[in-house]
Structures are given as C-alpha cells and as structure tokens.
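> Here's a sequence, model it:
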Amino acid sequence: MTLDATNFAVAKLARDLETIKRAVAEAVGLTVAGLLAPSRREPLVTHRQMAMLICREMTPGSFPDIAAAFGKDDHNTVIHACHAAFDKAETDKATNETLIRLRRVAKEALENESSSRK
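Just a heads-up that it's a prediction; the model follows:
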C-alpha cells in the first residue's frame, strides 16, 4: 500500500468513526460530547457501548482505533463495551430493538457521507 493510500484509509476511518458517533448520538438525543462523557449512568452507558459495537461492526477499525475515537486509553474498554452491548441486546428486547435502529441509522449516515464525498 502506498503512503497516499494509507493516508486515505486512515482519514476515511476517522471520518467513518465520527459519522457513526454523531449518528448514534443524534438518534438517542445526545450531542457527541454527551455520548463521550465519562458518566456511568444508564442509558448513556448502553448507548455509548452500542456506538462502540456499531463502530466495530461497520468499520475496519481496531479496538485501539475505536478506543482512541471515544477518548479512551485502553482498548479493553471497547472489548468490554462490545460484549456488554451484544449480550444485553440478546437478553433484552427493548435494547435489541434500539441496537437494530441505531445500526440502521449509522448505516444510512455512512451511506450519506459516502455519497456526499463523490
């Protein structure tokens, strides 16, 4: 891969992670700063965990890439978040419906971002 291609891929990943964070935050009635806030209160924690899971599912970003995008130092936070969001969605119907909706919103936001760059 050339340096230009690498730089393009890194920039695209950063844009995609930001797009997903923004889309999820807006869909749950938060700002991006609110989504990234250090609060451990529900439902904020679950929404942040879902956003991390969606970033993992919809981008080639590694756990450390996603951790950095969420202002976290430790990629284990993202690993835990992905497991927690997935497990909660499997056992709670409302959480599963929210995750499905947020995946759809994030996918549409990524598609819109991609088409606006053409």
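
> Can you get me a residue count around T98?
T98 has 20 neighbouring residues, counting by other CB atoms under 10 Å. To be clear about C-beta, it is placed using only N, CA and C from the backbone, and glycine gets the same treatment.

> check contacts around it.
For T98, the contacting residues are 28, 46, 50, 89, by CB atoms under 8 Å, 6 or more residues apart in numbering.

> List buried residues within those.
Those of the contacts of T98 that meet the buried threshold are 28, 46, 50, 89, by 16 or more other CB atoms under 10 Å.

> What is the nearest of those residues to A81?
Nearest to A81 out of the buried ones among the contacts of T98 is M50 (CB to CB; 8.4 Å).

> Pretty sure that closest one sits against D87.
No: the criterion here is CB atoms under 8 Å, and M50 misses it with D87 at 11.9 Å.

> Now the common contact residues for the two.
Joint contacts of M50 and D87 (CB under 8 Å, 6+ apart) do not exist.

> Among the contacts of T98, which are located in strands?
Residues of those located in strands (DSSP state E): none.

> Which two among those are spaced furthest apart?
V28 and A89 (14.6 Å).

> Which residue ranges of this protein form helices?
Ranges of helices within the chain are 3-27, 32-36, 44-58, 63-69, 75-91, 93-116, based on DSSP state H.

> Take those and lay them out in TSV including mean pLDDT.
Formatted as TSV, the helices of the chain follow (pLDDT from 0 to 100):
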stretch	mean pLDDT
helix 3-27	92
helix 32-36	97
helix 44-58	98
helix 63-69	98
helix 75-91	98
helix 93-116	96
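
> Buried deepest among those, which one?
Among these, helix 44-58 has the highest mean neighbour count (mean count of other CB atoms under 10 Å), at a mean of 22.

> Looks like A25 contacts L35 (just checking).
Yes: look at A25 against L35 with CB under 8 Å: they come within range, at 4.3 Å.

> Now do the shared contacts for these two.
47, 51.

> pretty sure A23 is touching V105, no?
Yes: when contacts are counted by CB under 8 Å, A23 is listed as touching V105 (5.1 Å).
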